[in-house]
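J.: okay, sequence plus prediction incoming.
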Amino acid sequence: MHIVTANEMYEMDRVAMEKGGIDGRILMENAGRSITESMIPLLAKNSRILILVGAGNNGGDGFVIGRTLCNQRFHVTVLQLVPDEKIRGDAAYHKQLYINFGGKVHVDDQGKEIAAFLKEATVVIDAIFGIGIKGKLRPPFHQIIEAVNQSNTVKLSVDIPSGIPADEGVSFDTGVWADYTFVIEAPKMSAFLQHTAKYYGKWEVVKIGLPLASFDQVTARKVWTEEQVHFTLPKRDDYSHKGTHGKGLIVGGSREMPGSIAMTALSSLRSGAGLVSVGTVNEVIPSIVSHCAEATFIPLDSEKGVITGSQCLDYSVYNAIAIGMGMGRSEDTAELTRQLIKEANCPVIVDADGLYHISDDLELLKQREFPSILTPHPGEMSRLTGIPVKEIISKPFRIAEEFSKTYQVHLILKGPFTIVTDPKGKQWVNTSGNAGLAKGGSGDVLSGILLSMVMQPQLLVEALANGCYIHGKAADNLIVNKHSKQDLLATDVIQGLASVFRTFS
Ligand SMILES: NC(=O)C1=CN([C@@H]2O[C@H](COP(=O)(O)OP(=O)(O)OC[C@H]3O[C@@H](n4cnc5c(N)ncnc54)[C@H](OP(=O)(O)O)[C@@H]3O)[C@@H](O)[C@H]2O)[C@@H](O)CC1
Ligand SMILES: Nc1ncnc2c1ncn2[C@@H]1O[C@H](COP(=O)(O)OP(=O)(O)O)[C@@H](O)[C@H]1O
Ligand SMILES: [K+]
């Protein structure tokens, strides 16, 4: 499933019309029809349906929905929120069809009657604005949207909740808090931004007949779906031995944070790694062993409970390395981190304090011949880039793309919608996971899963996207069966991995 900006959607529209020869009025008909079909299970025969239409093609979709519902004897009222002369082109054509079929249009371009109409309605179909919204809402739309939000109705949005921009990095006034959104052809970026996603409610994609193959030329952004996990996650070979599944090294830990690296080691083993070695300070080894007896250990030089200096480690025997979890921020530790990144001839995952240590020396990533995988949350991404957290959250796709291309890394920008970006800028968004993961330790578990995944026979981006999916899905299963978002702990997520791997084996 592709993810689009407004311009990419308009480009798809252009391709369909100019190259595919399909008429815009047919696309609008298809949109309205498909949306109606998807909406009907949410409607009752006695629902009092109010369709709010604006000036653009989103409003045009509203007229098609109105005609289709009227034709099926639903009780429909269309309230047009702009003067007649504003309804043009394909929307005007479909308005006329709606009228020809016996539909009535009430015009209220001042927002004076909205309250009365809302009072009579049980369902609102929001076809006020689609992806064409620009700038601040002009009066009376702010007041109209607020009235819709305060009404005691079920709110069904067409394509996008009105008022919400399609793209990242765009400020907005207010938007319809939809219960459901019927997204045309491809979800827009704002469905994956934490400040706008909540306006969508539940959403689903409806197809209107755009040429599917053209999406790949128009956008390099996709959702990583369960179907893709089924398709790409390697099955364990019945005749394999431990070497087949990779030997991973985990470097990190300190006296103050022995738990993180224990979780990384255990989650890596629970995700299928053949062998896991942990390089850490001597004094924390017994506590890690008590959680993870299967790991082997490399005691590293340390001082006051933190890893020190550059030391001789033979990286050549490992298939992948993860560094940084619970490592602390001493300058001595930084030296080891940089040395490892320079010398390791295998994929290296850099997380947590490892990211801190390289934030002033990102150029060294460009010199690596083997893949570098960085796993920042927005705070760590802010330190890596110097961009404020608020801006990172507001336009994560663009910032992640620029960073990955500049430093030639695979970037996993974590959050409610984790984005995996490859060095060419291609992106995949993970949609599993829940707020139970918003707790210390979740990232350490993810690093372990990723370490294991990159050592299994699958493409690197697939390994990373699958790792993020599995991590989130374990948490999703756990809050259904055994835990809640409140009590879920990172260690529970490790236990929950079994339920996910069983589904895919
Ligand atoms: N292939 C597809 O994708 C298909 C897409 N389709 C549908 O088309 C939709 C996109 O249509 P669109 O381009 O006409 O934009 P849309 O949002 O309906 O209208 C914009 C209108 O809003 C107004 N306006 C803007 N900003 C404003 C503000 N701040 N405050 C107040 N008013 C403001 C602006 O008015 P103006 O500034 O021009 O006076 C303009 O008239 C898309 O989401 C989907 O539903 C389907 O029909 C079929 C195929
Ligand atoms: N609200 C949420 N919904 C879904 N996933 C979340 C949410 N909050 C956090 N996560 C996930 O949990 C992990 C947290 O990682 P991180 O912030 O590095 O944690 P820590 O450093 O404390 O271990 C990431 O994989 C992130 O995607
Ligand atoms: K809408």
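T.: Right, received. Where do you want to start? Not measured: the values here are computed from a predicted model. Residues are numbered from 1 along each chain as shown. Ligands and ions are numbered 1, 2, ... in the order given.

J.: what's the residue of the stretch 251-400 of the chain found nearest ligand 3 in contact with, if anything?
T.: Closest residue of the stretch 251-400 of the chain to ligand 3, CB to the ion: residue 394 (21.4 Å). The C-beta positions use only the backbone N, C-alpha and C, and glycine is treated the same way. Counting by CB atoms under 8 Å, 6 or more residues apart in numbering, residue 394 touches 168, 169, 193, 195.

J.: swap in 10 Å and give it another go.
T.: Contacts here follow CB atoms under 10 Å, 6 or more residues apart in numbering; on that basis residue 394 touches 168, 169, 170, 171, 193, 194, 195, 196, 387, 388.

J.: and if you look at residue 289?
T.: With CB under 10 Å, 6+ apart, residue 289 has these contacts: 262, 265, 278, 295, 296, 297.

J.: change it to 7 Å
T.: With contact set as CB atoms under 7 Å, 6 or more residues apart in numbering, residue 289 has no partners.

J.: give me the nearest residue to residue 399, chain neighbours excluded.
T.: The shortest distance from residue 399 to any non-neighbouring residue, by CB to CB, 6 or more residues apart in numbering, is to residue 392 (5.6 Å).

J.: separation between the residue of the stretch 401-505 of the chain found nearest ligand 1 and residue 416?
T.: Residue of the stretch 401-505 of the chain nearest ligand 1, by CB to the nearest ligand atom: residue 429 (20.0 Å). Distance of residue 429 to residue 416, given as CB to CB, to the nearest Å: 10 Å.

J.: more neighbours: those two, which one.
T.: Neighbours of residue 429 and residue 416, each counted by other CB atoms under 10 Å, are more numerous for residue 429; the result is 24 against 18.

J.: which SS class is that one?
T.: strand (DSSP: H, G, I helix; E, B strand; the rest coil).

J.: just confirm it contacts residue 197, I think it does.
T.: No - the criterion here is CB atoms under 7 Å, and residue 429 misses it with residue 197 at 10.7 Å.

J.: contact partners of the strand or helix carrying residue 259?
T.: Assessed by DSSP states H and E, residue 259 sits inside helix 258-270. By CB under 7 Å, 6+ apart, the residues outside helix 258-270 that reach it are 248, 250, 252-253, 276, 278, 280, 284, 287-288, 291-292, 294-295, 322, 325-326, 441, 444-445, 447-449, 451-452, 490-491, 494, 497.

J.: with only the CA atoms kept, save the helix or strand just after that helix in CSV.
T.: Once helix 258-270 ends, the next helix or strand along the chain (criterion: DSSP H and E) is strand 275-281. Extracted in CSV, the C-alpha atoms of strand 275-281 (Å, rounded to 0.1, in the frame of the first residue of the first chain):
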residue,chain,number,x,y,z
LEU,A,275,24.6,-17.3,18.7
VAL,A,276,24.8,-14.0,20.6
SER,A,277,27.9,-12.6,22.3
VAL,A,278,27.7,-9.7,24.6
GLY,A,279,30.6,-7.3,25.0
THR,A,280,30.2,-5.4,28.2
VAL,A,281,31.7,-4.4,31.6
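
J.: and ligand 1, is the lowest-mean-pLDDT helix or strand in the chain touching that?
T.: Ranking every helix and strand in the chain by mean pLDDT, DSSP states H and E puts helix 215-218 at the bottom, with a mean of 87. No - using CB under 6 Å from any ligand atom, helix 215-218 never reaches ligand 1; the gap is at least 11.5 Å.

J.: could I get the buried residue list for that helix?
T.: For helix 215-218, the neighbour count (16 or more other CB atoms under 10 Å) marks 215, 218 as buried.

J.: what does it rub up against?
T.: With contacts defined as CB under 7 Å, 6+ apart, helix 215-218 is touched by 2, 8, 11, 12, 186.

J.: how far does stretch 429-440 stretch from start to finish?
T.: Taking CA to CA, to the nearest Å as the measure, stretch 429-440 stretches 22 Å from start to finish.

J.: in PDB, list the C-alpha atoms belonging to the helix or strand containing residue 496.
T.: Take DSSP H and E as the rule and residue 496 turns out to sit in helix 490-504. Taking C-alpha atoms only, helix 490-504 is exported to PDB below (Å, rounded to 0.1, in the frame of the first residue of the first chain):
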ATOM      1  CA  ALA A 490       9.500  -4.400  27.600                       C
ATOM      2  CA  THR A 491      10.400  -7.900  29.000                       C
ATOM      3  CA  ASP A 492       6.700  -8.900  28.400                       C
ATOM      4  CA  VAL A 493       7.300  -8.000  24.700                       C
ATOM      5  CA  ILE A 494      10.200 -10.500  24.600                       C
ATOM      6  CA  GLN A 495       7.900 -13.200  26.000                       C
ATOM      7  CA  GLY A 496       5.200 -12.200  23.500                       C
ATOM      8  CA  LEU A 497       7.500 -12.800  20.500                       C
ATOM      9  CA  ALA A 498       6.400 -16.400  20.500                       C
ATOM     10  CA  SER A 499       2.800 -15.600  19.600                       C
ATOM     11  CA  VAL A 500       4.000 -13.600  16.600                       C
ATOM     12  CA  PHE A 501       6.600 -16.100  15.300                       C
ATOM     13  CA  ARG A 502       4.000 -18.900  15.600                       C
ATOM     14  CA  THR A 503       1.700 -17.000  13.300                       C
ATOM     15  CA  PHE A 504       4.300 -16.700  10.600                       C
END
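
J.: buried residues in it?
T.: 490, 491, 492, 493, 494, 495, 496, 497, 499, 500, 501, 504.
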